[in-house]
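S.K.: just need the structure, nothing else, for what follows:
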Amino acid sequence: MKKTPTIGLALLLVAIAFSCKDRAAEAPTTEESAAVMEESVTTEAKSATSSSAAVEPMNSKRKVIRTADIKFKVKNVSKSTYAIEDATTQFGGFVTYTNLQSNVSDKVETKVSQDSTLVTTRFTVENNITIRVPNTRLDTVIKSIAKQIDFLDFRVIKADDVTLQMLSNEMAQNRSENSEKRIEKAIDTKGKKLNNIIDAEDHLDDKKLQKDIHKLENLSLKDQVNFSTLTLQIYQRETVKQEMVANEKSINAYRPNIGLQIWESLKTGWFMLEGIIAFIVQLWGIALIAVLGYFGYKKYLKSKM
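M.R.: Numbers count the residues shown, from 1 in each chain. Have a look, this model is predicted:
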């Protein structure tokens, strides 16, 4: 009768232990929570950047020019730039413009010792990139770029249908070509007078020019249809860089001591005295004339008296 409470208490403790163990197994760890959060952010970024406007419809006869303009923050601009360039090349595209630069927002110099200064620089790294990718790979490239997004500022995707415009250019090109053929035939068969031939040739050149213009417009539109253009603006969080630099020595550090200055002054004074004596010696001719004049004048006065 005395052992029954003890057995019951033991069974209760075992049940509590198993319950705690099951709860610990079900509760996610901090690392798992962070991984889930990161995966959620990445998924949101992908869904935010992806769009049906960037998808090429299957068996579509429409000619659509697709462009995308995206601005977002990344953890490291340099690494993300390399990743974007690699993804562009991987999917058959190419980079047409990239401008990687650092914008300094603040710079402070703090003197920490007689010969050292601490320079604190606050700057933001950014890059403007323009890439062109095959129209059928636009959505794939955008999803690949989304892996680099830390914070999305905006995303603009445009799809312009130029089917009718291209058809109009082709029709105008055909009309110019037919007119060109008729004018050439008229020149060959009916052209007799020189003035008529010249006017017809000028008109023929105008038709050829119009045909070339429409042809070039269509080639440009086809190129834009086949290769979509993405304009990316990426930046990262403001960075603070500190570096210790040596101070430039003042000119006073190179001044001689007072004893050397006095010695140099004495030498300079002696050199000046030597110069004065040498200058006086150079005037010996004038001094001789003055002396002779003096004695001559004195003798003259004496003889007169």
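
S.K.: what's the end-to-end length of stretch 70-79?
M.R.: Its start and end residues considered, stretch 70-79 measures 18 Å (C-alpha to C-alpha, to the nearest Å).

S.K.: so which bits of it are buried?
M.R.: Residues of stretch 70-79 classed as buried: 70-74, 76-77 (neighbour count, 16 or more other C-beta atoms under 10 Å). For glycine as for every other residue, the C-beta is placed from the backbone atoms N, C-alpha and C.

S.K.: mark which of those residues are part of strands, please.
M.R.: Of these, the ones assigned to strands by DSSP state E are 70-73.

S.K.: what's the most distant pair in those?
M.R.: For these, the maximum inter-member distance is 11.4 Å, found between 70 and 73 (C-beta to C-beta).

S.K.: before we move on, the earlier item: could I get the buried residues of stretch 70-79 as a markdown table with distance to residue 257?
M.R.: Listed next are the buried residues of stretch 70-79 as a markdown table, based on distance: C-beta to C-beta, whole Å:
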| residue | distance to residue 257 |
| --- | --- |
| 70 | 68 |
| 71 | 64 |
| 72 | 64 |
| 73 | 60 |
| 74 | 59 |
| 76 | 55 |
| 77 | 55 |
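
S.K.: need the strands for the stretch 51-200 of the chain, in chain order.
M.R.: Secondary structure of the stretch 51-200 of the chain, counting by DSSP state E, counting those that start in this stretch: strands at 64-73, 94-111, 116-134, 151-161.

S.K.: deepest-packed of the ones you listed, please.
M.R.: Mean neighbour counts were taken over these using mean count of other C-beta atoms under 10 Å, and the top value, a mean of 20, falls to strand 64-73.

S.K.: now tell me what touches that strand from outside.
M.R.: Counting contacts by C-beta atoms under 8 Å, 6 or more residues apart in numbering, the residues outside strand 64-73 that touch it are 45, 49, 53-54, 135, 138, 142, 145, 148-163, 221, 224-225, 228-237.

S.K.: ok, the ones in strands among the buried residues of stretch 70-79 vs residue 93, which is closest?
M.R.: Closest approach between those and residue 93, by C-beta to C-beta: residue 70, at 14.8 Å.

S.K.: restricted to buried residues, select the contacts of strand 64-73 in PyMOL.
M.R.: A single PyMOL command is used to select the members of those judged buried by 16+ other C-beta under 10 Å:
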select buried, resi 45+49+54+135+138+142+145+148+149+150+155+157+159+162+221+224+225+228+229+230+231+232+234+235+236
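
S.K.: okay, and for the stretch 51-200 of the chain, where does confidence drop off?
M.R.: When residues are selected by pLDDT under 70, those of the stretch 51-200 of the chain lie in 51-60, 175-200.

S.K.: thinking again about what came up before, Serialize the strands of the stretch 51-200 of the chain to CSV and add fields for distance to residue 85.
M.R.: Formatted as CSV, the entries for the strands of the stretch 51-200 of the chain read as follows, by distance: least, C-beta to C-beta, whole Å:
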stretch, distance to residue 85
strand 64-73, 15
strand 94-111, 6
strand 116-134, 8
strand 151-161, 20
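
S.K.: out of those, nearest to residue 299?
M.R.: The minimum distance between residue 299 and these falls on strand 94-111, with 82.2 Å, by C-beta to C-beta.

S.K.: would you map the helices across the chain?
M.R.: Chain-ordered helices for the chain, with DSSP state H as the definition, fall at 3-26, 30-49, 77-90, 138-145, 163-190, 194-226, 258-282, 284-304.

S.K.: mind giving me the packing neighbours of the shortest one?
M.R.: With contacts defined as 3 or more C-beta pairs under 8 Å, 6 or more residues apart in numbering; DSSP states H and E, helix 138-145 has these neighbours: helix 30-49, strand 64-73, helix 77-90, strand 227-235.

S.K.: what's the angle from that helix to helix 77-90?
M.R.: 150 degrees (axes from the mean of the first three to the mean of the last three C-alpha atoms, to 10 degrees).

S.K.: just use 13 as the starting number from now, easier for me
M.R.: New numbering, starting at 13: the last item is helix 150-157.

S.K.: export only the CA atoms of helix 150-157, formatted as CSV.
M.R.: As requested, C-alpha coordinates have been extracted for helix 150-157 and formatted as CSV (Å, rounded to 0.1, in the frame of the first residue of the first chain):
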residue,chain,number,x,y,z
LEU,A,150,13.4,38.2,-69.2
ASP,A,151,11.4,36.7,-66.4
THR,A,152,14.2,34.1,-65.7
VAL,A,153,16.8,36.8,-65.5
ILE,A,154,14.6,38.9,-63.2
LYS,A,155,14.1,36.0,-60.9
SER,A,156,17.8,35.4,-60.8
ILE,A,157,18.5,39.0,-59.9
